[in-house]
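Chemist: could you work out the structure for the sequence below:
(one chain, ligands or ions: 2)
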Amino acid sequence: MIDIFLYMFRSQVHMCPSMAMAKQNDEALETQYQKGVKQLYEKGIERIPNKYILPVQERPSSTTQVEAATRENIKLPIIDFAELQSKNRPHVLKSLADACKQYGAFQLVNHGISKDVISGMVDAAERFFRLPYEERSKYMSSDMEALVRYGTSFNQNKDNVFCWRDFLKLMCKPLSDVLPHWPSSPTDFRKLAATYAKETSDLFLMIMEAILESLLLGTKKNKKAEEEEDDVVTMKDLRDGSQLMIVNFYPPCPEPDLTLGMPPHSDYGFLTLLLQDEVEGLQIQYKDKWVTVESIPNAFVVNVGDHLEIFSNGKYKSVLHRAKVNSAKTRISVASLHTVPFKCMVKPCPKLIDEANPRRYQDTDFATFLQYISSREPKNKQFLDSRKLIHL
Ligand SMILES: O=C(O)CCC(=O)C(=O)O
Ligand SMILES: [Fe+2]
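Modeler: Ligands and ions are numbered 1, 2, ... in the order given. Next comes the predicted model:
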C-alpha cells in the first residue's frame, strides 16, 4: 500500500509540467556548458551564464591591487638565453636565481627556437580550434591520464563555477608512441606540434642545467657519477621525464570582469614554458598583487612549478598565476609543462637541507597530485601546501 502511495506521489512530482521543464532546461544548459565556451561565444550571447560567474571576491575586477601593480609598472625579469651561453654566464645565473626566488617566473628571450617553429605551433592550434565541434570533441575524455584530452574549464567534471577556456592537452613523451593519438586534423597539426614539443623539451633541459647550477648543485660535465646520485633528481631523470602540452583557447567574453580564463593556480612540474600570442591575459601574483605579464613576441614566460619548489626545498617558489579574458579578441596560449617521469618521487635535494634549512616538503609523486586534483577543485597553491612539513 505504502509503495503504491509512494509511486503515485513520485509520478505526480514527475509529471508536474513546470518542474519537468525546468529539469529539462537545466540538463540542456549543462550539455551546452560541457561543449565549451567557443560554442557559447559563437551563439552571440551578450551576458555570461551564471555557471561562469565567480563569487565577488574571486573576480578579476575585485582586486584593486591590479591597478596599483600596473601603476608601479612591475615587470617580469628578462633572461637572455644567449648571454647564458657566453662568458657572462655567472652573472646571468645570478639573475636567474633572483628571478626564481622573487617572482617564480621570468621572460626568456634569444632562446634559439625559431619564429617559424613558434608561429607554426600557434597557427596549428588556431586551425584546430576552428574545426567543427564534432571533430574537436573526438578527443574529449574525462580520463585525467589520457594521452590526448580536449575539454573546457579546469576540471569540467568537478568545477562548480566554470572558467572561460577550452583546451587541448597532449602528452608528449615518448613522442613516437603518443604521436598517432594526437589530432589528425588539421593535417599538418602533428608535424608542427611535434617539432614545437621537441624543441621546447630541449630548451627546458638547457634551462634546467642552468637552474641546477644556480642552485649551486654544480652540473659540470666532469662531475662524478656518485655525486649525481646525491642530487636526487639528475639530468637523466629530466631527459627521460614527462612533458604535457596544453593549448589554451580563450574566445572573447562579453563580461570579462565576472569570470576568468583560468583561476589562480601553480603548475605541478619543474618548469612551464608558456607561449602567449600577442593578446595579453596572463597575470602572476607578486607581493600579493596581480601583475599582468607583458606579451613579448617570440619570448617564453618560464614559470617555476611545484616540483622545483619541492626540489629546491623552498628556495625557488612556484608562481601563482591566472588568465584573464577580454571582450574583444580570442587569445591562445601554449603551456609546455616539464617534469621527471610520472612514477618518479620528487624530494627536496639533500644538498639544500641543513640545520638552518630543515626539510620543508614531503616526498611527492605525480599519482598523489592526480588524486588530489581529481577529487576537488584546485585552488591557488593548495596541493603544494598539503605537501608542506613546515609552514612559514
Ligand atoms: O593562458 C595563460 O596565460 C596561462 C595558462 C596556464 O597557466 C596553464 O596552462 O597552466
Ligand atoms: Fe598554469
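Chemist: alpha carbons only for contacts and neighbour counts from here, please
Modeler: Fine.
Chemist: who in the stretch 201-350 of the chain is up against ligand 1?
Modeler: 246, 248, 267, 281-282, 322-323, 333, 335 (CA under 6 Å from any ligand atom).
Chemist: what comes up buried for stretch 151-171?
Modeler: Using 16 or more other CA atoms under 10 Å as the test for burial, stretch 151-171 gives 151-156, 161-171.
Chemist: do stretch 185-200 as well
Modeler: Buried, per 16+ other CA under 10 Å, within stretch 185-200: 189-190, 192-194, 196-197, 199-200.
Chemist: can you check stretch 140-148 too?
Modeler: 140, 147-148.
Chemist: save those residues as TSV, and put in pLDDT and secondary structure too.
Modeler: Shown next, in TSV, are the buried residues of stretch 140-148 (pLDDT from 0 to 100; DSSP: H, G, I helix; E, B strand; the rest coil):
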residue	pLDDT	secondary structure
Met140	94	strand
Leu147	96	coil
Val148	97	strand
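Chemist: from these, which is closest to ligand 1?
Modeler: Of all the buried residues of stretch 140-148, Val148 has the smallest distance to ligand 1: 14.8 Å, by CA to the nearest ligand atom.
Chemist: still on that earlier bit, determine which two of the residues of the stretch 201-350 of the chain next to ligand 1 are furthest apart.
Modeler: By the measure CA to CA, Asp267 and Gly281 form the most distant pair in these, at 16.8 Å.
Chemist: for the stretch 1-150 of the chain, just list every one of the helices.
Modeler: All helices of the stretch 1-150 of the chain, identified by DSSP state H, counting those that start in this stretch, fall at 2-15, 17-34, 37-42, 65-71, 81-84, 89-102, 115-130, 133-136.
Chemist: what helices or strands is the second one leaning on?
Modeler: Okay, so that is helix 17-34. helix 37-42 (3 or more CA pairs under 8 Å, 6 or more residues apart in numbering; DSSP states H and E).
Chemist: now do the buried residues in the helix it packs on.
Modeler: Applying 16+ other CA under 10 Å to helix 37-42 flags 37-41 as buried.
Chemist: cool, stretch 112-122 as well?
Modeler: 113, 117-118, 120-122.
Chemist: contact partners for the residue nearest to Ser336 when sequence neighbours are not counted?
Modeler: Nearest residue to Ser336 in three dimensions, chain neighbours excluded: Met245, at 4.4 Å (CA to CA, 6 or more residues apart in numbering). Shown in contact with Met245 (CA atoms under 8 Å, 6 or more residues apart in numbering): 169-172, 197, 334-337.
Chemist: which helix or which strand is home to Ile296?
Modeler: Using DSSP states H and E, Ile296 falls within no helix or strand.
Chemist: quick thing: my sequence starts at 16, can you match it?
Modeler: Fine by me, first position is 16 from now on; the one you just mentioned is Ile311.
Chemist: from ligand 1, how far out is the nearest residue to it once chain neighbours are set aside?
Modeler: Of all residues not flanking Ile311 in the chain, Glu293 sits nearest, at 7.5 Å (CA to CA, 6+ apart). Glu293 is 11 Å from ligand 1, where distance means CA to the nearest ligand atom, to the nearest Å.
Chemist: cool, and Arg374?
Modeler: From Arg374 over to ligand 1 (counting by CA to the nearest ligand atom), the distance is 27 Å.
Chemist: which residues touch that residue?
Modeler: 328, 363, 368, 404.
Chemist: model confidence score at the last one, please.
Modeler: As summarised for this prediction, Leu404 has a pLDDT of 83.
Chemist: cool, and the first one?
Modeler: According to the per-residue confidence, Asn328 scores 94 in pLDDT.
Chemist: isn't it right up against Pro363?
Modeler: Yes - the pair Asn328 / Pro363 is scored as a contact, 4.9 Å apart, by CA atoms under 8 Å.
Chemist: can you check which residues contact both of these two?
Modeler: With CA under 8 Å, 6+ apart as the test, Asn328 and Pro363 both reach 374-376.
Chemist: among those residues, which lie within strands?
Modeler: The strands, defined by DSSP state E, take in nothing from those.
Chemist: report pLDDT for Lys238.
Modeler: 47.
Chemist: so how far is ligand 1 from Asn125?
Modeler: Distance from Asn125 to ligand 1, by CA to the nearest ligand atom: 20 Å.
Chemist: list the contacts for that residue?
Modeler: 95-97, 314.
Chemist: give me phi/psi at it?
Modeler: phi 50, psi 40 (degrees, to the nearest 10).
Chemist: can stretch 386-404 be said to contact ligand 1?
Modeler: No - residues of stretch 386-404 are not located near ligand 1 by CA under 6 Å from any ligand atom, the shortest gap being 11.6 Å.
Chemist: so what's whichever residue of the stretch 16-165 of the chain sits closest to ligand 1 up against?
Modeler: For the stretch 16-165 of the chain and ligand 1, the shortest gap (CA to the nearest ligand atom) falls at Ala120, measuring 11.9 Å. Contact analysis of Ala120 by CA under 8 Å, 6+ apart lists 91-92, 114, 316-319, 333-334.
Chemist: where are the low-confidence patches of the stretch 66-215 of the chain?
Modeler: Scanning the stretch 66-215 of the chain for pLDDT under 70 picks out the ranges 77-87.
Chemist: over in the stretch 266-407 of the chain, which residue gets nearest ligand 1? Let me know.
Modeler: Leu297 (4.0 Å).
Chemist: now the strands for the chain?
Modeler: 93-95, 120-124, 163-167, 181-186, 257-265, 277-280, 286-291, 297-301, 304-307, 315-319, 336-338, 346-354.
Chemist: between the second one and strand 315-319, how many degrees?
Modeler: With axes from the mean of the first three to the mean of the last three CA atoms, to 10 degrees defining the directions, strand 120-124 sits at 150 degrees from strand 315-319.
Chemist: strand partners of strand 120-124, parallel vs antiparallel please.
Modeler: strand 93-95 (parallel), strand 315-319 (antiparallel) (DSSP bridges).
Chemist: which ones among the buried residues of stretch 200-215 are found in helices?
Modeler: Mapping those onto helices (DSSP state H) picks out 204-205, 207-209, 211-212, 214-215.
Chemist: coming back round to it: of the contacts of Asn125 - the most surrounded one?
Modeler: Highest neighbour count within those: Ala314, with 23 neighbours (other CA atoms under 10 Å).
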